[in-house]
Every structure is written in structure tokens, then in C-alpha cells.
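J.: Below: sequence and its predicted model.
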Amino acid sequence: MNFDFSDDSKLLREQAQRFLREQCPPKAVRQVLEGRAAYAAELWRAMADMGWLGAAIPERYDGAGLGYEALCVLAEELGRVLAPVPFISGVCLAAEAILAAGTEAQKREYLPRLVRGEQIATFALAEGVGEPREAAIRTRLVDGRITGSKWPVPDGGIAQLAVVAARDAAGILLALVDLQAPGVTRHALAMVDPSCDHAKIEFDNAPATPLGTAAQGWDGVRRLLDRAAILTAFAQVGGATASLEMATAYAKERFAFGRPIGSFQAIKHKLADVYVATELARSNAYYGAWALSSEAAELPLAAATARVSASEAFFLAAKENIQVHGGVGFTWDYDCHLFYRRAKLLALSLGSQRYWKDRVVAELETRNAA
Amino acid sequence: MDFDDTPEEAAFRAEARLFLNANAARKQRSSGAHRYGDTDAAEVARAKAWQAKKADAGFAGITWAKEWGGRGGTAMQQIVWNQEEAEYDVPPNIFLIGLGMCIPTMIAYGRPEQLRRYVLPALRGDEIWCQLFSEPSGGSDVAGLRTRAEKRGDEWVINGQKIWTSGAHYSDYGLLLTRSDSNTPKHAGLTAFFIDMHAPGVEVRPIHQMSGASNFNEVFFTDLRIPDEQRLGAPGAGWKVAITTLMNERLAASEIRRPDMQDLLELARSVEIDGRPAIADPAVRERIAEWHAQNAGLTYTRFRVLTALSRGQTPGPENSIFKLVNASKQQAVAAFGMDLLGMAGGVIDPAVAPMHAMFQDSLLSAPGMRIAGGTDEILRNIIAERVLGLPGDVRVDKDVAFNQLPGGR
């Protein structure tokens, strides 16, 4: 039994922790939250220099070729500090889509640019209210021109390139769209978590190229979401862990009724429950990491399970962190609300809890029938 | 990452399988009756015979030193054995408390001639041990116990009552914690002994549980006389002895409780809501997904613990998570399964109720799971204080003589 990250991954985690503690303090998140920056550009550049943007990209496309364990570690550490960078949309979705579905020429053209941080990419799926589903994709690709409306698109304001879920006569496909081309209009969207850039993107006969030679179909989109769900689960586990650490530290130093509030069982039991939820989520995420690294057949169930567990844990940890802090936790100046906002946003970005719970049972049904 | 055995673990697993195949039948998964009932005399006899067979083949005291009849093996080998044995239809392990807690305490505090007399018969299952700590006035607060030990010459005289003693009715010896001094704060006035459960002055009365079964007992002591040689540790140092016992709590083998997730899926498929299988109902799907996520989380948390164990690390208080999550989940799944049966959900007749009334049985045994071996509340305290490092609660009884406490005497 060796259900643990490799020594190399652990070393990477230590380095990432040290680096992010320095380079991504809450102040950096507030820069974006309070509208003074669209994202942490300097941090993003440093991440590119360290090879993080291509951690799981093979070396022949200028990636670091470290594999998915490494990418999971980075997702967790970036999630812990709420790094305001286009990591999930760009690295975990767009680059993954190109790697999985692109032609050799497309991979050679785009991946090195993304890995080096010369270009920011995102993944445009949602078309307004609703869960990820095939029927909801109305954006059309006809003769190399794309038309439709995508919102919300994470990092849609800062990206230069988008992988867009669309349909043509044959069905669902993924298309590459230059977001600076004519026919593309972007509006910034105010979000519950303003530390993540989001936009509404209108495509009006904008030039677009299908990704790969054959249409991916909805299954291709779903595979992409499954993989991103595992990586996002690590970001959520990181955020939950940070929230729990904040709450625990405060419960030790805050005195009321003549004693530290952490000595009251009402606080202890609350934080014990947060610990339990976070550890269950961490273990489910670990299993997801194993499924990603080994391309296991169990990946869809592992992904849905990790997602359900992590979304629940992060939101629980974030809301109880505010509660343990009491009144100051509700102020703008304390950092509790940064985690609360991000927890809810991440729990929606790839589809709601209801959607992923349904996916869990659907996967259990197929396995049980087999 | 992988889920593979090391070569040493694989070799041991093969050895265990060889023995099990030759001596026991593989378990069949059945949705048949699965009641948590009494352990009767015939079952005790079967358990003893199986234990002797295991001991002869070196599978009884896997982590014990060779000098005590053990194998001198690793904790991981014990886990491998537990995993393999769980696949076979073998009698219940009624020796866990004795071998996991009582005898290790004896080895730490007993005299050499006592160890020569008691260790091997316990290992072979010829003699069964129980643990006599909990009392009506000391459950979660064990050190609040009142059973009195009075020194008279070379003997001690014991009067009082224990409760929740698992297996006292078939045990031969017991590890006893008493109050020998009421004039000191509660932890300082305790003394530990081992006793003969068949001695005059010991009376065992089974407790009729709400589930209908009787797994626990009350044990009454009326002028029980114990020679001083049976004292473990110094007079007044009983708490230290008790800590030794509790430190040896086993890393619980992953006990397979029914109904499990597969049973729940089976029920949700077979029962209809508004003319459709219940499993098609979104509300039902949400609940099943939540329990699956908890269940999977526990499974993979256990894998993480096993990985640490496999590297020679000792599991810590994090282990409280397993029972804490499982017990409440068991209760919730039972209640939900019954809910799916609508007006007939309350029928517990196994001949009529779906899946042999497994959900109804589980509802009635689940409250005990949330209490036995550390209540939900105590487990949360352990996580909060020993894992998260939160400060201890205010202890009003800490520096007060036991007989000055409300209810202390």
C-alpha cells in the first residue's frame, strides 16, 4: 500500500508553499478583489518561469512533464492561498483540452505559448443559467465562423484564447477562438467572488478553428470536466485547510468569558466536523489523483466523488471560519470572506452540487449493472 | 501511488490465504438475515476452537513478541491478516479486548510467574478476558468511577458495580479499575487489579439492549477478595495503568456493517416512488451520493493510514474519524432506507420486510454505535484537542478531593 504522494511531489509542495507564502499573501488577492488588478500578473509570470503552467504537459511541447500528481499538488497550494490567476481555466481546462483533443500541429502551436505564459487561455462552456448539458450548447460553428453567447466565462476578460464548446451539423465540438479577433465582444461580469475575473463573451461570426480532426461530442466535454473536477477538488481542499487553520488559530487566541473560545465544546465540535469533512475530501481527492495519474477506468466516479466531497468541505470550512471569528469575520478587512466567496464560486464553476451528486449515482449505477 | 503490497506483505498474504483456504470457507455475500445478536455458548466454543487453530499456525498474536507466543510481526501484517480473515466465514473474534488491551497491560505490569500462567492460555483462546472500567457514574468520565477497593491485611476487598462490560458473561478473567482513595482528586485515587471472574463476590447480569440483543453486562462486586499479588501498578497509580490499556486500543479492522452502499442501491432500485424506481428520484440520488462520498472518503482515509502504518509510523488520534462518521451514517442510512418503504417501513419481521429487515435492525443497533467505544462527543473532543490542538475544557474537578465532588463518594 503506497497511497501517498511521491517524494518529488512532496518536495514540490514544500517549494510551492514557501514561494506562495511570500508571493501570494492575502494582500495580493485583495488587489484583484478591490479592482486594482485583473489578475496577479507577476505571480503568473513567476509560475510560468518555474514550469508550473506546464507541469503535466509533455516536454516535447515545452512542458515540465512532471505528471498529474504534480499538477494536483500545485492546484492544492494555489487553492490554499486563493491565488488570483487563471490556473483552473487555463491550465486545468484549456491546455488539457488542447492536449487531449488537438491535432499535433495545434499542440505544437498553442501549448508552448500557454506553458511559457505568453498567452492566457480559458474554457468557455456555460451559456447562462443551468448545469453542464449537451442541449444547453447553442453556440454554432459554421464554415469556420462561430456565433453564440457564453457566460460566465472564468478569466474571460484576461484570456487571449478560448476553447469554446459549440455545435456544428455533426454535433458537439470544441473550437479554438482568438478572443482579440473581430466578432468577439466581452463584458466584465460582477461576481460573488470579485477576486476571479469573469466575462460574458458574445461571438458574432468570429473566426474559429475546430480542435482536432473529429468532433469530440458531449463525452469529450464531460471527460474534460471530470479531469478538471479532480484538480479543482485539490484547490478546494487547499482552501478548506486554510480556512480550518485560520479558525483554529483564532479559537486559540480569542478569549471570551475568561477563557479561549476554543476551549468551549460548541467551538471544538464545530471545528472537529470541519476537520472530518476536510479529511474525507482530501482522501477522495487523493483517489482522484491516482485515477488521473494512472488513466484509470474509475476516473469518472473518482472525479464526481472528489468534487462532491470537496465542494461540501470548502463551503463548510469557509462559513464556519466566519462563524468562529464572530463579528470581525463579517468585516471587509478580515480575510474570512475571501475564502467564503471562493468556496461558493468553485462549487458552481463546473456544475452545481446537485449535478455532480447525480453524476456520482449515475456512475454507481453503471458499475453496479456491469 | 499504488495499492500494492510490498513483497514482504504479499508473501505474508499468500501464507495467510493458504491457511485460511485450508481451514475455513469463503464468505458468500448474502442479503440474508444479518442480526447483531447474542453470542451463545455454542458460538463461544466455536470461537475458542478457531482461536486455538490460529495460535498453532502463528496467526493469533501476529504483532506480539515471540517470547509471548507471538509471531514478532508488523502492524501491517496484522492488517493484512484482518483483511484476509474478513473474507472467510469464521466465528466472531471475542478475544479482541483481552488480547488487544488486557494482556498487553498484564505484560507491562504483571509479575513474571503471572505472565507465564496467563498469557499463553489467553492467546490460545482457552481463557477469555474482559475490561472492567466503565461504571454507571463513570462512562465518558472513566476516572469518575466509584467501585471501592479497601486494603485488609494482604487482601483487597472490592464493593461496587461495573457496566457495559462486553463479554463478561463468557470471560474468565477481568482487568479491574477501582477507587482506593476518595480523599485525593479523582485521577490520583485509583488502583488496578486483575480478577478471576468466577470468584465468589462477582455477579454478572446481561443488559437487555434496545436492539433486543445482550452484548453487554453489568458486573456486581460484593465483598470480592483479591490477594495483593493481583494488584497492577502501585496503589493510587491505577490511572497510569488504565492509560496503558487504552493506548493499546486496536486499529479497528474495517468492520463490514450492513446495510452497506450496495444494499442501499439494491433497495433504491427495487422500491418504487410514483411508479418509478426510487433511484430515479432526484432527492434519493442526492442522499445516496452524499453517503457514497463519505464512504469512499473513509475507505481512502484508511488507505492513507495503512500507508503510514506500512512505513512503520504509529496511527494517532486522527483515527477517531472512522467511528465518528460511520456510526451516524449507519443511523441515517437505516432511517432513509425505511423511509423508502413508506407505510410498511416499520415492519421488522424478516420474513416480510424487504432485505430481511436489515434496515430496521440497523436502526435499532445504530444508537449503540454512536456511544460504545467513545461517544460522538468524546471523539469530537479528541479531534479538537489532540489533532487541532485546541485548549482543554475547564475542569472543575481537577484539584478537588473525589469525596468533595457532587456525587463523589
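T.: Arrived safely, thanks for sending.
J.: quick one: the residue of the stretch 301-409 of chain B found nearest chain A from B:G346, how far?
T.: Taking Cβ to the nearest Cβ, chain A has its nearest neighbour within the stretch 301-409 of chain B at B:A384, 3.4 Å off. All C-beta spots, glycine's among them, are computed from the backbone N, C-alpha and C. Using Cβ to Cβ, to the nearest Å, B:A384 is found at 38 Å from B:G346.
J.: now A:R259
T.: For A:R259, the distance to B:G346 - Cβ to Cβ - is 46 Å.
J.: Show me the shaky parts of chain B.
T.: Along chain B, the parts satisfying pLDDT under 70 run over B:30-37, B:248-256, B:409.
J.: Please enumerate the helices of it.
T.: Assigned by DSSP state H, the helices in chain B fall at B:7-23, B:41-57, B:75-85, B:96-97, B:103-109, B:112-123, B:238-247, B:261-270, B:282-310, B:320-340, B:358-369, B:376-382.
J.: Look up the closest residue to the closest residue to chain A within chain B, ignoring the ones flanking it.
T.: Closest approach of chain B to chain A (Cβ to the nearest Cβ) occurs at B:G297, with a separation of 2.9 Å. Spatial nearest neighbour of B:G297, excluding adjacent residues (Cβ to Cβ, 6 or more residues apart in numbering or on different chains): A:L280 at 2.9 Å.
J.: Just to be sure, the one you found is in a strand?
T.: No - under DSSP: H, G, I helix; E, B strand; the rest coil, A:L280 sits outside any strand and is assigned helix.
J.: Make sure it is actually in contact with B:R302.
T.: No - taking contacts as Cβ atoms under 8 Å, A:L280 lies outside contact range of B:R302: 11.2 Å.
J.: rewinding a little: what about the residue nearest to B:G297, how many residues nearby?
T.: By the measure other Cβ atoms under 10 Å in any protein chain shown, the count of residues near A:L280 is 26.
J.: Not counting sequence-adjacent ones, nearest residue to residue 3?
T.: As the question left the chain open, I've gone with chain A. Once flanking residues are discounted, A:F3 sits nearest to B:F303: 3.9 Å by Cβ to Cβ, 6+ apart.
J.: um, chain B though
T.: A:M1 is the one closest to B:F3 (Cβ to Cβ, 6+ apart), at 6.1 Å.
J.: Now that that neighbour has come up, it's in contact with B:D5, right?
T.: Yes - assessed by Cβ under 8 Å, A:M1 is found in contact with B:D5 at 7.1 Å.
J.: These two: which has the busier surroundings?
T.: A:M1 (23 against 17).
J.: so what pLDDT did the more buried one get?
T.: pLDDT, A:M1: 81.
J.: got the residues of the stretch 301-409 of chain B near chain A?
T.: With Cβ under 8 Å from any Cβ of the partner chain as the criterion, the stretch 301-409 of chain B meets chain A at residues B:301, B:303-304, B:306-307, B:310, B:318, B:321, B:324-325, B:377, B:379-381, B:383-385, B:387-394.
J.: ok, 6 Å please
T.: B:301, B:303-304, B:306-307, B:310, B:321, B:380, B:383-384, B:388, B:390-391, B:393 (Cβ under 6 Å from any Cβ of the partner chain).
J.: Buried among those residues? Need that as a selection in PyMOL.
T.: Restricted to buried positions by 16 or more other Cβ atoms under 10 Å in any protein chain shown, the PyMOL selection for those reads:
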select buried, chain B and resi 301+303+304+306+307+310+321+380+383+384+388+390+391
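J.: Can you add distance to B:R258 and give the residues of the stretch 301-409 of chain B next to chain A back as a markdown table?
T.: As requested, these are exported to a markdown table (distance: Cβ to Cβ, whole Å):
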| residue | distance to B:R258 |
| --- | --- |
| B:T301 | 21 |
| B:F303 | 22 |
| B:R304 | 25 |
| B:L306 | 23 |
| B:T307 | 28 |
| B:S310 | 29 |
| B:I321 | 21 |
| B:R380 | 26 |
| B:I383 | 27 |
| B:A384 | 31 |
| B:L388 | 33 |
| B:L390 | 36 |
| B:P391 | 40 |
| B:D393 | 37 |
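J.: Show me the two of the residues of the stretch 301-409 of chain B next to chain A that sit farthest apart.
T.: Maximum pairwise distance among these (Cβ to Cβ): 35.8 Å, between B:S310 and B:D393.
J.: one step back: format the helices of chain B as JSON lines; extra columns: distance to A:D8.
T.: Formatted as JSON lines, the helices of chain B follow (distance: least, Cβ to Cβ, whole Å):
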{"stretch": "helix B:7-23", "distance to A:D8": "23"}
{"stretch": "helix B:41-57", "distance to A:D8": "42"}
{"stretch": "helix B:75-85", "distance to A:D8": "24"}
{"stretch": "helix B:96-97", "distance to A:D8": "40"}
{"stretch": "helix B:103-109", "distance to A:D8": "39"}
{"stretch": "helix B:112-123", "distance to A:D8": "44"}
{"stretch": "helix B:238-247", "distance to A:D8": "36"}
{"stretch": "helix B:261-270", "distance to A:D8": "35"}
{"stretch": "helix B:282-310", "distance to A:D8": "17"}
{"stretch": "helix B:320-340", "distance to A:D8": "28"}
{"stretch": "helix B:358-369", "distance to A:D8": "41"}
{"stretch": "helix B:376-382", "distance to A:D8": "34"}
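J.: how about the residues of chain A near chain B?
T.: So far as Cβ under 6 Å from any Cβ goes, chain A lies against chain B at A:1-4, A:248, A:251, A:260, A:262-263, A:268-269, A:271-272, A:275-276, A:279-280, A:283-284, A:286-287, A:290, A:305, A:308-309, A:357-358, A:360-361, A:368.
J.: Go through these and flag which are in strands.
T.: Secondary structure from DSSP state E places A:P260 of the residues of chain A next to chain B in strands.
J.: Generate a ChimeraX selection restricted to the buried subset of the residues of chain A next to chain B.
T.: A single ChimeraX command is used to select the members of the residues of chain A next to chain B judged buried by 16+ other Cβ under 10 Å:
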select /A:1,2,3,4,248,251,260,262,263,268,269,271,272,275,276,279,280,283,284,286,287,290,305,308,309,357,358,360,361
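J.: how is the chain carved up into domains?
T.: In the absence of a named chain, this looks at chain A. Annotated domains of chain A cover A:7-115, A:121-216, A:218-369 [automatic domain parsing].
J.: Correction: the question concerned chain B.
T.: What automatic domain parsing lists as the domains of chain B is B:7-94, B:129-247, B:261-374.
J.: ends of the second one, how far apart?
T.: Put plainly, it is domain B:129-247. This stretch, domain B:129-247, spans 17 Å end to end (Cα to Cα, to the nearest Å).
J.: repeat for the shortest one
T.: Between the opening and closing residues of domain B:7-94 we find a distance of 31 Å, counting by Cα to Cα.
J.: these two touch, right, A:P132 and A:G351?
T.: Yes - using Cβ atoms under 6 Å, A:P132 is in contact with A:G351, at 4.8 Å.
J.: of the two, who's got more company?
T.: Neighbour tally, A:P132 and A:G351, criterion other Cβ under 10 Å: the higher count belongs to A:G351, 22 against 19.
J.: Beta-bridge partners for the more buried one, please?
T.: Applying DSSP bridges to A:G351 gives these bridge partners: A:S349.
J.: mind listing the helices for the stretch 51-200 of chain A?
T.: A:68-80, A:95-101, A:104-115 (DSSP state H, counting those that start in this stretch).
J.: for the ones you listed, which one sits closest to B:V142?
T.: helix A:68-80 (39.3 Å).
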